[in-house]
Structure formats: structure tokens, C-alpha cells
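J.: sequence first, predicted coordinates after that:
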Amino acid sequence: MDSNNQNFQFKTNINCSGCVTKVTPFLTDKTGINHWEVDVSSRDKVLTVKTDGISEQEVIEIVEKSGFKIEPLKS
């Protein structure tokens, strides 16, 4: 079992298909991100990221670098 695989959820301001297109190269090209998706229909624009060896903070930095606001989603 690999303990490096984690799922993170974040509240973002990625709110339309244009925003998703803008953030796509940042998330898709990052080694350690296996899968990601944004629920643009939810009020909090929830970004779900499945990672392999990168931290929650690294995901936050990637999304901020692409020009969007992001914060960990509190359950």
C-alpha cells in the first residue's frame, strides 16, 4: 500500500470552463497529480485532486501560480 497517494479538496474561485482551461496546464503538467476535477456547479467551486507524493501546500501553490484563489476545504 502506498501512503503517498492522497485526495485533497479545496474551495476555489475556478468558476467556469474558461477558468478550468486556464488552470489545466498547471495541474495536468505537474508530476505527482494523478487526477483532478473542479465542480463548477457547487457554491464553493470544489477542486478535488488525487495526488501521488505531493503535498496539499504544493497543490495550493500550483493553483495560486495559475492566478486563482484556493483554500483547503473544511469538512
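T.: Arrived safely.

J.: end-to-end on stretch 29-48?
T.: 16 Å (Cα to Cα, to the nearest Å).

J.: next one: stretch 8-25
T.: Per Cα to Cα, stretch 8-25 runs 19 Å from first to last residue.

J.: distance between it and the chain's centre?
T.: With Cα atoms, centre = their mean, to the nearest Å as the basis, stretch 8-25 stands 7 Å off its chain's centre.

J.: same question for stretch 58-75.
T.: When distances are taken as Cα atoms, centre = their mean, stretch 58-75 is centred 6 Å away from the chain's centroid.

J.: for the lengthiest helix in the chain, name the packing helices and strands.
T.: Longest helix in the chain by number of residues (criterion: DSSP state H): helix 17-28. Applying 3 or more Cβ pairs under 8 Å, 6 or more residues apart in numbering; DSSP states H and E, one finds that helix 17-28 contacts strand 33-39, helix 56-65. Every residue, glycine included, has its C-beta placed from N, CA and C.

J.: can you point out the buried residues in the shortest one?
T.: Looking back up the chat, that one is strand 33-39. Residues of strand 33-39 classed as buried: Ile33, Trp36, Val38 (neighbour count, 16 or more other Cβ atoms under 10 Å).

J.: hang on, isn't the last one packed against Asp44?
T.: The one in question is Val38. No: Val38 lies out of contact with Asp44 (Cβ atoms under 8 Å); the separation is 10.4 Å.

J.: thanks again, I'm all set now.
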